[in-house]
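Engineer: quick one, what's the 3D model for this:
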Amino acid sequence: MAEPDLRILQANERTLLAWIRTGLALMAFGFVAARLTVWLRLDAPERSGSFPAWLGIVVLALGTACHVIGAFRFVHARRAILANRPIAPGSAGPVIVAGSVTVLGIAAVMYLAANA
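Structural biologist: Below you'll find the predicted structure:
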C-alpha cells in the first residue's frame with residue numbers, strides 16, 4: 001500500500017482547524033449576545049426581553065455543532081485518505097451551519113430594528 005500524500009493529510013487538518021475557529025468564534029459571539037441581556041436590562045428595563053439570551057444560547061449551540069461536524073468530517077476524510085478511497089464529504093453540515101447563521105443574523109437584525 002502506498003503512503004498517502006502528506007499534503008492531503010495536512011489539508012484535512014487545516015480544514016478541521018477552520019471548523020474549530022468558526023465554532024470558537026460563534027461560541028464567543030453567543031456568550032457576548034447572552035451577556036448583552038444584562039446590559040440591555042440596565043439600559044432600558046421597560047424594553048428588556050429574553051431574546052438576546054436565547055440568541056446567545058442558540059449561537060453557542062451552533063458553535064458546538066461546528067466542532068462536532070468538523071470532527072466527524074475530519075475522521076471520515078482521514079479514513080478515506082489512509083485507505084486510498086475517494087473522499088465524498090456531504091454538504092449537509094456546512095449548509096446547515098450557513099443557513100442557521102443566516103437565520104440567526106436576520107432574527108438579530110429584526111430584533112435590533114424593532115428595539116431601536
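Engineer: so which residues of the chain form helices?
Structural biologist: Taking DSSP state H as the criterion, the chain carries its helices at 6-43, 51-82, 92-114.
Engineer: and the ones you listed, which is most packed in?
Structural biologist: Among the helices of the chain, helix 51-82 has the highest mean neighbour count (mean count of other CB atoms under 10 Å), at a mean of 17. The way it works is simple: take the backbone N, C-alpha and C, and place the C-beta from them, glycine included.
Engineer: what's the angle between that one and helix 92-114?
Structural biologist: Using axes from the mean of the first three to the mean of the last three CA atoms, to 10 degrees, the direction of helix 51-82 lies 160 degrees away from that of helix 92-114.
Engineer: what stretches of this protein score poorly on pLDDT?
Structural biologist: 1, 45-48 (pLDDT under 70).
Engineer: measure residue 92 to residue 3 for me?
Structural biologist: Applying CB to CB, to the nearest Å, the value for residue 92 to residue 3 is 31 Å.
Engineer: what does residue 106 give?
Structural biologist: 48 Å.
Engineer: which residues touch the closest residue to residue 58 other than its chain neighbours?
Structural biologist: Nearest residue to residue 58 in three dimensions, chain neighbours excluded: residue 104, at 6.4 Å (CB to CB, 6 or more residues apart in numbering). Residues in contact with residue 104 (CB atoms under 8 Å, 6 or more residues apart in numbering) are 55, 58-59, 62.
Engineer: same list (the residues you listed) but as CSV, adding distance to residue 114.
Structural biologist: As requested, those are arranged in CSV below (distance: CB to CB, whole Å):
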residue, distance to residue 114
55, 13
58, 18
59, 19
62, 22
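Engineer: which among these gets closest to residue 112?
Structural biologist: residue 55 (10.6 Å; CB to CB).
Engineer: contacting residues around the closest one?
Structural biologist: 30, 33-34, 104, 107-108, 111.
Engineer: next: residue 51.
Structural biologist: Residue 51 neighbours (CB under 8 Å, 6+ apart): 107, 111.
Engineer: likewise the one 10 residues further on?
Structural biologist: With CB under 8 Å, 6+ apart as the criterion, the residues that contact residue 61 are residue 30.
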